[in-house]
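Novice: Next input, structure requested:
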Amino acid sequence: MSGLIQDVQKQVWAACETICAGISEGNKTEDPIFELGIDSLGLAELLITLESQFGEGCISVDEVMEDPSVSAIVSLLLRKGIVESPSTQSKELEPVSPLIAEGKLSMLGGVDVAEMQRSSASATPQGVNSWVRTTHVGSLPRPSGTSLEDIISKQIEAGVDWMNDGEWTRENYISDALSRISGIGGNVQTTGECMCCMPSPSDMHDVPMFARRFTGGNGLITLNPARVAKADVACTGPMAYINPESLFDSLQPFLDVIGSRDRSTCFWSVPSPGTLAVFCEDRHYGDYSKFAGALAEVLRLEYEAVAATGLVLQVDAPCLAMGRHTRHSALTDEEFQEVLRTNVDLINATLVNIDPAKVRVHVCWGNYSGPHHHDIEARHVWPHLLRLNARYISIEGANPRHEHDWEYFAKHVAAKFIELDKVILVGVLDTRSAHIEHPELIAQRLLQYVKVLGPGRVVASTDCGFATTGKSAAITEDIVWLKLAALGEGARIVRQRLVDVGAPEPTSLVYSPTGFRVVVFRDAEAEACPGATELICELAKRSWSLDVLPSGAGAQSGFEQLKYSLDTPMALVALGAQAATMACGVAQLLESDRSVSRRPHTIFTFGPQQPGAECLGAAPLEPEAAKAAAAEIQARMQRRMRFDKRQLMPSGSLLSPATPPSEVDVVVVGAGMLGLYMAVTLTRRGFKVVVLEQRMIIGGIWSMYANSHSQVNSSEGGYSLKDILGESGANRDHATAREMITDIGKLAKEVDASTCCGVKVVRIAKQGDGYMTISQTDHGGTHITSSRGVVLAINDRVGIPRQMTWAGQEEFKGIVTTGTNDNLAHVDWRGKRVVVVGMGAFAIENTRTALEHGAEHVTVVVRRHGTVCPKIIDYLNFVKPFDPEFQHDSTTNIKQMHQWSSLYRKSGATIPECWPEEIKHEGHTISVSDLWFVGHHMGKLCTKVATVDHFDAGGIHLSDGSRLDADIVVVCVGFIRNTHLCEKLTGSDTMKTTNYVDKHLMYLADAEIDHGAFNWFFGSSVLEYAKFFTEVYVAGLEHEEQVGEMLWGADLPTTKIQERKWSGFIAASSKLLKAKADGIPYFADAAHNQVERRTRHFYNTLPPVAYVKSNEAEWVELHTRLNGGKPVPPELQLPYFFKDAASWCEPKAPLA
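Specialist: Next up, the predicted model:
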């Protein structure tokens, strides 16, 4: 027996030596394993090695931890009778063979509708390449021989995002509308009964020599009082709406052309009642209100007909400004104010049945060349414009007489007179002059409004139309297209300035919607309805997953089936009255138990309106109706998931938001998540703060680099702003980019008035006992802000994506791009062969995105294998209880490492080369992805250790001589870091490991997450790290004399700024916590409070038992998704390794 003991002992000792090269001859088998240099990961590897030698299940973590020594392990193996002889060896854990590679999936049957191809089905948004959209007011030159297709094509070529037909079919906008109104004009011109004089601007009467240049006696306006223009447009009888067919004759060709060009955002213009009243003389009603009111009645029908087509309705209303010095020039200012009120009321009356979001109103002082010195001032007009029931207001901004009006506009914004949803179409092109505005001038005009209102509420436009009538020749066609091209270039310049910090330009102005799931509740009678079946099929095409539940099962049954389902938004679609009742009941149960069901859900019903549900009208009976209903459900779900990044510009009351104050308590440099968190915390503690941001939008790397499908690399509770926002709910686990930037935007609102964007900090210098921050703005010169302290919340680890080019790349017929900033947001991944180069966080993210959206296969080309953990490992690192020293229990650490390592082996994913000595490679992060393992198991994903050598037309050749077919190559090889910025600003290249560069000067920024960074209370979460050090900074301000030496003292450990590491922060924070024993409780209390809040958040929103069940359900669903929507039998699935994980999280004491 002694020989057997020695043989077994040799094997166990050899396994230890394989895992840890640091074992010396002085070590003994009786020594605790941890003293041999074996950590939790190493012990997990040891157990797997022993299982491979002596049989799976031969020994457990709990058994080892009773006496963790080699001799005890040997005794245990012998005592359990597992070892009969050293040769009794079990096979090493074998991975489950990739299913697709072996053809195992060919045996799987499909389900009803799941075999329909999934598709995001989101159309490319118009204006995708412009952060400030472009449009024009309406009329364009209409030379003979020009077709409608030409006009649309030229607008697209000029970069116009929001276009119309150029009024191609209309002589002018007035006569076209009047042609469908009886009681106006007629065939009696010879008698003069319907002829009337066109209005003459009063300013032209003051300049007779200039007026003589205009010789025409026709048209819509009299510019030469000596030659009065006339038209047969007098009102001589009751008015009624007639001949609506002519409207559709004009609309239909336009709708056909834009439909063929996939241009969904277009508009159609119709004059306002007051505008028709300017040009039409009343010879019947005898009262302006009655006359204009009758025009409103007939125009309402035309407005609603236009809106019904889906086009945005533009109401042309020069009557609100030009009317003052034309038709109403004889009135006093006070009398005209009454006309203004009436005209606005009439416009609103005509729009009563139209969604304001589908309406734009154009206001101008007249599209004619003249002095305009009688124009009513904008300050008298704005209060009336703000009453319009329209989201979009079009105004002049290039007309020299009104170029200064943005100041009045700014004052109205400051006074909060302008509603939050109002969008201003700013005229930045003069439509009267042949000068081609310089794009820089256009950008300057735009930025005046953008800085006041924010880019999300500004659209670049023209002062008026270019050709009010078909005969207009003031500006020729060639000039018009050059002007519109300059408009697009000016908008592009604004876009660059919004992000001008050497970062890539944003590719998309919104975060596109992520996927959603559908649950159909169906009554028995609906099963036989063809329309219902077609609706289900159509919904399956548009969603990530679809379940059908019979309504007879009841709400509780539905809740039980859905409460642990995949953490994505849900559309609850009810087919039938009983189904609607069940859907509402399920929704109430989901809402009441937020700890297991945080998925946002929306109820859709057909038939009678249900409380809390969105009714879609009658149930679809025919296929076309079903398709339309499915498209509407998709559109409504996606609308809830969009986020317009242009909202991220501060829109406070400062007229010049880029002017920093001269003195504050603390200057925060950087308006990313960490800077805003610091600024809000300081503000709440009573400190006066200013936030200086170089870009024109806030949000940091989330607004600059994130993709629509980006998700936080940490569990939701470990990377959450809900605590500081005071919100009890939670985002989805591993929150999406839209959710994170929404929360960051909420945080920014609290310091909106203290945030200065467009400010570049150039130096931070000592000034007595404080600092002076020297900054520059584009137009305001140099500024100095004095302060007691400065916080540098500036990122230096993520910069411009590193660009790579290879031989033959120009021959490649596929897509080659970096996988950041949504530059792949509109790629159709279905069936594509994808190669991802690199293995950082963005590489893993793009791998997930490709496979989730139907890619055939992804190959990840790496120099070395990065570390990827399943989601639950990250969750456990935050939720497992800490001991008083903020360390996790060793036994459960080993258990989770054991299961993680087993998962690597079973899935077929390659274990990182650094294991088990280190958990990750130097300089790498740890990515979080369940799909990484399921994808390997399913044969949808693999890695190759190589580098790219060259491209050919259909793929890439690697350094190992192999070739990969490819349709899409995503290059994720890191970023060009801005590593010297802190040094440049402060003049110092070192800092304390407490994050202080000097007294009250903190560098709050991410650092290299090195080894040992994960078993600590803020883990590897940069947000949790920032929360703690924000409290440290506040304590330094509030208790300077007591804690100053602990935070920035000369004897504290220092590090090179470029070499700072996470372990240094952990060591420094650990020392600060121990100060409680010396009567300094601030830091330990802050840490305990932070962990307590975070743990309570986890337990209130997704506690361990619920998390494990949800994660296991997601695990199963990943197999289905990667299998084209067909369920994978349990015996062919990659096993779920963490069923017991909830028991590892039991708190040491009850949670408050």
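Novice: give the contact list for Glu1112.
Specialist: Tyr564, Tyr1136, Phe1138, Lys1139 (C-beta atoms under 8 Å, 6 or more residues apart in numbering). No exception for glycine: its C-beta is placed from N, CA and C like everyone else's.
Novice: now the residues you listed: which count as buried?
Specialist: The neighbour-count test (16 or more other C-beta atoms under 10 Å) marks Tyr564, Tyr1136, Phe1138 as buried among the contacts of Glu1112.
Novice: so what pLDDT did the second one get?
Specialist: According to the model's per-residue confidence, Tyr1136 sits at a pLDDT of 95.
Novice: got the phi/psi numbers for it?
Specialist: For Tyr1136, the backbone dihedrals (degrees, to the nearest 10) come out as phi -90, psi 120.
Novice: which one among the contacts of Glu1112 gets closest to Ala1068?
Specialist: Phe1138 (33.3 Å; C-beta to C-beta).
Novice: hang on, isn't that closest one packed against Lys871?
Specialist: No: taking contacts as C-beta atoms under 8 Å, Phe1138 lies outside contact range of Lys871: 9.6 Å.
Novice: Find residues that contact each of those two.
Specialist: With C-beta under 8 Å, 6+ apart, Phe1138 and Lys871 have common neighbours Asn1111.
Novice: so where is the stretch 1001-1150 of the chain shaky, pLDDT-wise?
Specialist: Along the stretch 1001-1150 of the chain, segments meeting pLDDT under 70 span 1011-1014, 1147-1150.
Novice: make it 50
Specialist: 1149-1150 (pLDDT under 50).
Novice: Which parts of it are strands?
Specialist: Using DSSP state E, counting those that start in this stretch, the strands of the stretch 1001-1150 of the chain run over 1001-1003, 1054-1056.
Novice: what packs against the first one?
Specialist: The criterion is 3 or more C-beta pairs under 8 Å, 6 or more residues apart in numbering; DSSP states H and E, and the helices and strands that strand 1001-1003 contacts are strand 789-792, strand 996-998.
Novice: Include distance to Asn846 and mean pLDDT when you put these into TSV, please.
Specialist: Below are the helices and strands packed on strand 1001-1003 laid out as TSV (distance: least, C-beta to C-beta, whole Å; pLDDT from 0 to 100):
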stretch	distance to Asn846	mean pLDDT
strand 789-792	31	98
strand 996-998	36	96
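Novice: and these, which is most packed in?
Specialist: strand 789-792 (a mean of 26; mean count of other C-beta atoms under 10 Å).
Novice: Let me know the average pLDDT across the helix or strand that that one is followed by.
Specialist: Sequence-wise, the next helix or strand downstream of strand 789-792 (DSSP states H and E) is strand 800-801. Mean per-residue pLDDT for strand 800-801: 74.
Novice: Strand 800-801: partners in the sheet, and parallel or antiparallel?
Specialist: strand 975-976 (antiparallel) (DSSP bridges).
Novice: contacts for the partner strand?
Specialist: By C-beta under 8 Å, 6+ apart, the surrounding residues in contact with strand 975-976 are Arg797, Val798, Gly799, Ile800, Pro801, Arg802.
Novice: how many neighbours does the second one have?
Specialist: To tie it back to what came earlier, the one meant is Val798. Residues contacting Val798 under the criterion other C-beta atoms under 10 Å number 20.
Novice: And the fifth one, by the same measure?
Specialist: Pro801 is flanked by 22 other residues according to other C-beta under 10 Å.
Novice: going forward can the numbers begin at 897, since that is how I track them
Specialist: Got it, the first residue is 897 from now on, which makes the last one we talked about Pro1697.
Novice: Distance-wise, check it relative to Phe1738.
Specialist: Remark: distance between Pro1697 and Phe1738 (C-beta to C-beta, to the nearest Å) = 8 Å.
Novice: Give me the common contacts of the two.
Specialist: Contacts common to Pro1697 and Phe1738, judged by C-beta under 8 Å, 6+ apart, are Thr1714, Thr1716, Cys1868.
Novice: Break down the stretch 1297-1446 of the chain into its strands, ranges please.
Specialist: Using DSSP E, counting those that start in this stretch, strands in the stretch 1297-1446 of the chain cover 1319-1325, 1354-1358, 1406-1407, 1413-1418, 1441-1446.
Novice: average pLDDT across the first one?
Specialist: Translated: strand 1319-1325. 94.
Novice: Also stretch 1287-1300?
Specialist: pLDDT averaged over stretch 1287-1300 gives 91.
Novice: and what of stretch 913-921?
Specialist: 65.
Novice: end to end, how far does stretch 1287-1303 reach?
Specialist: This stretch, stretch 1287-1303, spans 21 Å end to end (C-alpha to C-alpha, to the nearest Å).
Novice: hang on, I meant stretch 1365-1383
Specialist: Chord length of stretch 1365-1383, first to last residue, is 23 Å (C-alpha to C-alpha).
Novice: And Asp1271, how far from Leu1321?
Specialist: Distance of Asp1271 to Leu1321, given as C-beta to C-beta: 19 Å.
Novice: An error on my part: the question was meant for Pro1267.
Specialist: 25 Å.
Novice: Redo the helices and strands packed on strand 1897-1899 as TSV? Include distance to Asp1665.
Specialist: Below are the helices and strands packed on strand 1897-1899 laid out as TSV (distance: least, C-beta to C-beta, whole Å):
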stretch	distance to Asp1665
strand 1685-1688	10
strand 1892-1894	11
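Novice: nearest to Leu1044, of these?
Specialist: That would be strand 1685-1688 among these, by C-beta to C-beta, at 56.4 Å.
Novice: So what touches the closest one?
Specialist: Contacts of strand 1685-1688 (C-beta under 8 Å, 6+ apart): 1561-1566, 1571, 1574, 1660, 1666-1667, 1669, 1878, 1881-1882, 1893, 1896-1901, 1929, 1932-1933.
Novice: Can you list the strands that that strand pairs with?
Specialist: strand 1562-1565 (parallel), strand 1897-1899 (parallel).
Novice: Would you mind finding the most buried of the ones you listed?
Specialist: Of the strands paired with strand 1685-1688, the one with the most neighbours on average (mean count of other C-beta under 10 Å) is strand 1562-1565, at a mean of 28.
Novice: And the contacts of that strand?
Specialist: 1571, 1574-1575, 1578, 1583-1588, 1657, 1660, 1667, 1669, 1681, 1683-1690, 1881, 1896, 1933.
Novice: quick one, which of Pro1267 and Leu1321 is more surrounded?
Specialist: A side-by-side neighbour count of Pro1267 and Leu1321, using other C-beta under 10 Å, places Leu1321 first with 26 against 13.
Novice: which residues touch that one?
Specialist: Thr1031, Arg1256, His1258, Tyr1288, Ile1289, Ser1290, Ile1291, Val1355, Ser1357.
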